[in-house]
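Undergrad: give me the fold of what follows.
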Amino acid sequence: MSGLLRNLVCLALLVTASAVHARDFGEQAQNTIPWTSERGYSIHIDNDLFSGAHRDQDYSWGLGFTYASPRPGPVLSPLHSLRNHFDTWLTTEDSAGRSWAPDQQATQIGLIAMTPSTLRESDPLPGDRPFASLLFVTSSQTRVHDSGRSARFSSLTVGMLGLDLAGNLQRGVHALVQNEPPLGWGHQISAGGEPTARYVEARQWLLDGEAAQGGDQPEVKFTLAGSAGYITEGSLALSARWGRIQSPWWNFAPELSDYMAAPVAPVARFSSHNPAEIFAFAGVRLKARAYNALLQGQFRHSDVRVQGHDLAHFHAEAWLGFATTWSDVRITYAIRYASEEMRTEPGARSLIWAGINFDRSM
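TA: Numbers count the residues shown, from 1 in each chain. This next block holds a predicted model:
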């Protein structure tokens, strides 16, 4: 793990530890306004340049649009139904009981792009991260236990690897800002297109903080997650937020992000004070990864791919960020740093990127 990653992990752990004990000091305000789940949408933009690192490589950029609605509509209903079947099959006991109540359902449409260390080379770059892109749609649902101190998140993603869309968009943006055109997209993973899918299941526990009413006291939570598909891995995370908080703890989930922010729906809140929310957050996540199609490819031929023995099977991620909510709009900025995802040079390097999120409840 690089020195910067170690520092970020240590800082996030210190912040989390301080948040656990912060409730013992000062006045603990209570917010008595009940939360309600409404329609809403979220626009998310990731870019490694947002981090201030001045580099254009690895997880280069991503765009996502999330829409929350109690009913998904006829077009997306089959995807939500299929995800619900997986949920029922994997957690039969929970599904049969009445202790878990559905809180929110969301759909996310997005595009993410990965690039090697240089964009100037049109030939394949063995040993480096391959070009890769994923156009996807995700169905998700969050369920909350009656106790208000545990939650369950699940999502099902279907998408296409290797389409020309990401390369065309990046070339267009580079031309617009008069940067050199990115070469090499013809060698991306599954060039020409290949379908893919992924299912995610996560359980979360509130370790410290108000279960459902928010307030000004810190929140600390622990998350266990697993996924199967184009990324197959297990993970555990510890995260915290502190400041003026009015939204439920399960409604803010940076620990569920995998490159793109997790499709968690906005929650409508009402307050006579602005900003209604203003808080900082931090966390760490440890992953054990078995497979990553964005590096290793799938069944279709790829000019450059990472072999299984060259994949970094264990790595860590840390993040720091800030969020503020005015009336029904939340703006979030987060910077993320992760250890290397592959072992061969020159691809064995850490990742850094940042994202900006605009949430609006309706």
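
Undergrad: surely residue 337 touches residue 317?
TA: Yes: at 7.2 Å, residue 337 counts as touching residue 317 under the criterion of Cβ atoms under 8 Å. Where C-beta positions appear, they are placed from N, C-alpha and C, glycine not excepted.

Undergrad: for the closest residue to residue 262 other than its chain neighbours, list the residues it contacts.
TA: Nearest residue to residue 262, sequence neighbours excluded (Cβ to Cβ, 6 or more residues apart in numbering): residue 256, at 3.6 Å. Applying Cβ atoms under 8 Å, 6 or more residues apart in numbering to residue 256 gives the contacts 153, 200, 202, 223, 225, 262, 264.

Undergrad: closest to residue 56 out of those?
TA: Checking these against residue 56 by Cβ to Cβ gives residue 262 as the nearest, at 24.7 Å.

Undergrad: what sits against the closest one?
TA: 140, 153, 155, 253, 254, 256.

Undergrad: on that earlier part again, how about CSV for the contacts of residue 256, with distance to residue 60, secondary structure and pLDDT added?
TA: Putting the contacts of residue 256 into CSV (distance: Cβ to Cβ, whole Å; DSSP: H, G, I helix; E, B strand; the rest coil; pLDDT from 0 to 100) gives the following:
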residue, distance to residue 60, secondary structure, pLDDT
153, 27, strand, 94
200, 23, strand, 97
202, 26, strand, 96
223, 27, strand, 97
225, 24, strand, 97
262, 20, coil, 91
264, 24, coil, 85
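
Undergrad: so what pairs up with residue 342 in the strands?
TA: Legend: beta-bridge partners of residue 342 under DSSP bridges are residue 311.

Undergrad: so it sits right up against residue 350, yeah?
TA: No: using Cβ under 8 Å as the test, residue 342 is too far from residue 350 to be in contact (11.3 Å).

Undergrad: neighbour-wise, which of the two wins?
TA: The residue with more neighbours, out of residue 342 and residue 350, is residue 342; 23 against 17, by other Cβ atoms under 10 Å.

Undergrad: how far away is residue 151 from residue 234?
TA: 18 Å (Cβ to Cβ, to the nearest Å).

Undergrad: cool, and residue 144?
TA: For residue 144, the distance to residue 234 - Cβ to Cβ - is 23 Å.

Undergrad: neighbour count winner among these two?
TA: Counting neighbours by other Cβ under 10 Å for residue 144 and for residue 234 shows that residue 144 has the greater number, 23 against 14.

Undergrad: for that one, give me its contacts.
TA: With Cβ under 8 Å, 6+ apart, residue 144 has these contacts: 100, 101, 103, 150, 151, 152, 248, 250.

Undergrad: so where's the stretch 251-362 of the chain uncertain?
TA: Where the stretch 251-362 of the chain drops to pLDDT under 70, the residues are 267-275.
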